[in-house]
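**Q** sequence-free structure coming up:
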């Protein structure tokens with residue numbers, strides 16, 4: 001059995017993204033070799049016009065279907081339970097993702113409405129977590145996104161999110177949206 005087949009099988013069999021470290025630990029292969037094998041696999045998939053690729057997401061490798069097949073995949077999983085996110089939930093999640101770590105009072109100021117129930121819902125869904133407490137009176141919780149958030153939105157890491165100053169420029173150009181203090185995205 002080839003190294004390439006081994007890497008492909010491990011990534012396929014894993015229910016979550018597999019890190020380079022874990023793949024190296026399991027196989028004894030060097031991380032650079034694993035990266036090359038994954039690149040080679042993706043080149044083969046592309047050449048053979050396969051419906052999937054291996055992507056590096058949330059700290060590890062995982063199989064994904066190609067975007068052009070998403071309508072078919074949606075039909076297949078119509079009743080599959082993904083976290084149901086309302087418009088308000090998406091707004092709160094976006095504020096937390098961009099400004100993390102951030103307190104509920106800051107989220108409320110930006111949204112101009114109490115976000116307590118939505119934050120609780122996002123905590124229950126595992127999309128946000130408590131990262132600590134702010135060193136201010138009342139010591140409010142600081143919220144941030146989770147690994148599950150990265151997986152749900154297909155992000156490699158938080159650096160793929162737009163920065164607050166990029167959003168500010170977008171909102172200025174479109175005359176839409178709240179004012180966001182630049183430099184808050186860490």
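**A** On my side now, so go ahead. Just so it is clear, the structure is predicted and the values come from calculations on it, not from any experiment.

**Q** beta partners of residue 132?
**A** When bridges are called by DSSP bridges, residue 132 pairs up with residue 142.

**Q** pLDDT value on it, please?
**A** For residue 132, the pLDDT comes out at 93.

**Q** Tell me how many other residues surround residue 71.
**A** By other C-beta atoms under 10 Å, 9 other residues sit near residue 71. Bear in mind the C-beta positions are built from the backbone N, C-alpha and C, glycine included.

**Q** Could you look up the SS state of it?
**A** helix (DSSP: H, G, I helix; E, B strand; the rest coil).

**Q** how close does it get to residue 53?
**A** 18 Å (C-beta to C-beta, to the nearest Å).

**Q** Please look at residue 17 and residue 61 and confirm they touch.
**A** Yes: when contacts are counted by C-beta atoms under 8 Å, residue 17 is listed as touching residue 61 (6.1 Å).

**Q** Next up, the contacts around the nearest residue to residue 45 once chain neighbours are set aside.
**A** Among residues not flanking residue 45 along the chain, residue 53 sits closest, at 5.7 Å (C-beta to C-beta, 6 or more residues apart in numbering). Going by C-beta atoms under 8 Å, 6 or more residues apart in numbering, residue 53 touches 42, 45-46, 63-64, 66.

**Q** One more: residue 69?
**A** Contacts of residue 69 by C-beta under 8 Å, 6+ apart are residue 51.

**Q** try it again with 10 Å
**A** By C-beta atoms under 10 Å, 6 or more residues apart in numbering, the contact set of residue 69 is 51-52, 76.

**Q** One more: residue 67?
**A** 53, 73, 154.

**Q** Could you point out the longest helix of the chain?
**A** The helix spanning the most residues in the chain, taking DSSP state H as the definition, is helix 31-47.

**Q** buried sites along it?
**A** Applying a neighbour-count criterion of 16 or more other C-beta atoms under 10 Å, the buried positions in helix 31-47 are 34, 37-38, 41, 45.

**Q** what about whichever helix or strand comes after it, average pLDDT?
**A** Next helix or strand after helix 31-47 toward the C-terminus (DSSP states H and E): strand 52-57. Strand 52-57 shows a mean pLDDT of 94.
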